[in-house]
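Novice: next one to model:
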Amino acid sequence: MASSRNGSVTTNGSSLSNGHSKQDKTATESSMLPHLLTNVIFPSTLVFLGPTFLMWIWYSVVFHNGSYYDFFSTAAKSDNAVGYLLSVWSKVSFGSFLSLSIIGGYMIFQLMLTFLVPGKRVEGPMTPTGHVPVYKDNGFSIYIITMISFVLLTTYLKLYTPYSPSIVYDEFGSLLANMNTFAWLFCVLLYVKGIVAPSSKDCGTSGNPVFDYYWGTELYPRILGVDVKVFTNCRFGCTVWALLPCCFAMKAYELHGFDASINSFVSVAILVVYLTKFFWWEAGYMCTIDIILDRAGFYICWGCLCFIPGLYASFSFYLVSHPIALSYPLAFAIVAAGLTCIAVNYDADWQRQHVRATDGQTTIWGKKPEVIRAKYRTSQGEEKSSLLLVSGFWGLARHFHYLPELGLALCWSIPCGFDHILPYTYLIFLTLLLIHRTHRDDLKCSDKYGIYWRQYKSKVPYKIIPYIF
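Specialist: Model (predicted):
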């Protein structure tokens, strides 16, 4: 159950006091370990080890041919294994003019577009405190302008200068290190801001500074009119996720030529189409767990500023030094499989949005959709309702749309070959993330809808894979 800011717990319209209950000592002690793991140990580990893990990925590709085994076995055989594992930071240049110029220039460019590019007003879901977040729906336009600008910049550099966007590949270790440093400090700023000058009532602390830094002290922070989560998640994280593989593919082309490095272009083609679909749907993203539940702390802001560039794009970084001359038929088959996954994922999202927009007065797969009209109460006691779709893809599994997401990640990883597990790190992470997210979503929806969610689970018992999971 989710605690509200005033210390009460709301569950399907009822509110329970957060006072001391008469639990026995054994029960209290048994609950301490999970609390310690989720509120102290895991957050501390991610904050201090997460950035180093990203540097390990970079180091393994550059100095160990993309092999985790070679990297960690070398560390184990060294006189000082811990020192070797931490020495990856000594291989990069902190505060280098080139790295800071690339990072700063890109951020300034995105901030300018955020203010200058028009977009219609859209609203996110109301929070328990009654706050309604407002966004300017200009994400797709900004994405298209950014990608066109990248093409124009690449053309200019290649024709009139000795430089190329592939310099991002050469400088990637330093870029990653400097972004980690920025993210650490930026999250300190967000932590203090949420306490001293919050942007809305959806703020507060848990009393545990470690967890508050990790999770955040504000749900919807704004700085100088800029929505922090929109900027970190979309303007930086997801847009950089599209740009980095393009830069890496350019490096692969310069080193090996097109035919020899066609695997890089296959992966990039699938990814760019996927992210184009994401930005087309960006307003819908503002209603997902990432935005409406996760606060703006280290978990989500560092994740978008560093984890996405460092891990999500790792397959394309790996491809530069591992070219595979795929046959044209195989290349087209992989692209076609990826595009099919994107289409299924898009259609699944569209089905749910369309049914809710038409109040169920439509057809899904040629039939009138079966829906559950779930009632719930806000923390202010206002009764509302929402449609739970039981037809189409949503009748196969409660999170069927995660399945094509996993298939998609497999499609852009397969061109890396099967020599090492490193380029499949994102696929492994995504699998674990989505399994965990189904659990989080079940808890949230059970809390919100109560008996209606139990009815939905009885009709749709599978989480992601029909008849399996």
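Novice: first-to-last residue distance for stretch 158-166?
Specialist: Stretch 158-166 stretches 10 Å from its first residue to its last (CA to CA, to the nearest Å).
Novice: same check, this time on stretch 194-205
Specialist: With CA to CA as the measure, stretch 194-205 spans 9 Å from end to end.
Novice: mind listing what's buried in it?
Specialist: 194, 198, 199, 200, 202, 203, 204 (16 or more other CB atoms under 10 Å). Bear in mind the C-beta positions are built from the backbone N, C-alpha and C, glycine included.
Novice: please tell me how far the third one sits from residue 218.
Specialist: Distance from residue 199 to residue 218, counting by CB to CB, to the nearest Å: 6 Å.
Novice: which other helices and strands contact the longest helix out of those in the chain?
Specialist: Longest helix of the chain, by residue count under DSSP state H: helix 328-357. Helix 328-357 sits against helix 262-280, strand 383-389, helix 402-413, with contacts defined as 3 or more CB pairs under 8 Å, 6 or more residues apart in numbering; DSSP states H and E.
Novice: can you put those in a markdown table and add mean neighbour count, mean pLDDT and distance to residue 152?
Specialist: Supplementary listing: the helices and strands packed on helix 328-357 in a markdown table, determined by neighbours: other CB atoms under 10 Å; pLDDT from 0 to 100; distance: least, CB to CB, whole Å:
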| stretch | mean neighbour count | mean pLDDT | distance to residue 152 |
| --- | --- | --- | --- |
| helix 262-280 | 21 | 97 | 16 |
| strand 383-389 | 15 | 90 | 43 |
| helix 402-413 | 22 | 97 | 25 |
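Novice: quick one: which of those is nearest residue 434?
Specialist: The stretch from the helices and strands packed on helix 328-357 with the least distance to residue 434 (CB to CB) is helix 402-413; that distance is 4.5 Å.
Novice: tell me the mean pLDDT for the following helix or strand past that closest one?
Specialist: Proceeding C-terminally, helix 402-413 gives way to helix 425-449 as the next helix or strand, assigned by DSSP states H and E. Per-residue pLDDT values across helix 425-449 average out to 93.
Novice: now residue 195: how far from residue 228?
Specialist: When CB to CB is the yardstick, residue 195 and residue 228 sit 15 Å from each other.
Novice: could you find the closest non-adjacent residue to the residue nearest the centre of the chain?
Specialist: The chain has residue 304 as the residue nearest its centroid, 6.3 Å off, counting by CA atoms, centre = their mean. Closest residue to residue 304 in three dimensions, ignoring its sequence neighbours and counting by CB to CB, 6 or more residues apart in numbering: residue 237, at 3.3 Å.
Novice: which parts of the longest helix of the chain are buried?
Specialist: Neighbour-count burial for helix 328-357, with 16+ other CB under 10 Å as criterion, is recorded at 331, 334-335, 338-339, 341-342, 344-346, 348-352, 354-355.
Novice: coming back round to it: quick one: contacts for the residue nearest to the centre of the chain?
Specialist: Contacts were defined as CB atoms under 8 Å, 6 or more residues apart in numbering; by that measure residue 304 touches 232, 233, 236, 237, 238.
Novice: can we see that at 7 Å?
Specialist: When the contact criterion is CB atoms under 7 Å, 6 or more residues apart in numbering, the partners of residue 304 are 232, 233, 236, 237.
Novice: what's the answer for residue 445, then?
Specialist: If a contact means CB under 7 Å, 6+ apart, then residue 445 has residue 453 as its contacts.
Novice: output the contacting helices and strands for the helix or strand that contains residue 457.
Specialist: According to DSSP H and E, residue 457 maps onto helix 451-459. Counting contacts by 3 or more CB pairs under 7 Å, 6 or more residues apart in numbering; DSSP states H and E, helix 451-459 packs against strand 371-377.
Novice: who touches the strand it packs on?
Specialist: So strand 371-377 is contacted by 12-13, 355, 360, 383-390, 448-449, 452-453, 455-456 (CB under 7 Å, 6+ apart).
Novice: ok, stretch 234-251 next?
Specialist: Outside stretch 234-251, the residues that touch it by CB under 7 Å, 6+ apart are 110, 114, 139, 142-143, 146-147, 150, 154, 164-166, 168-169, 264-265, 267-268, 271-272, 275, 278, 282, 304-305, 308-309, 312-313, 316-317, 319-320.
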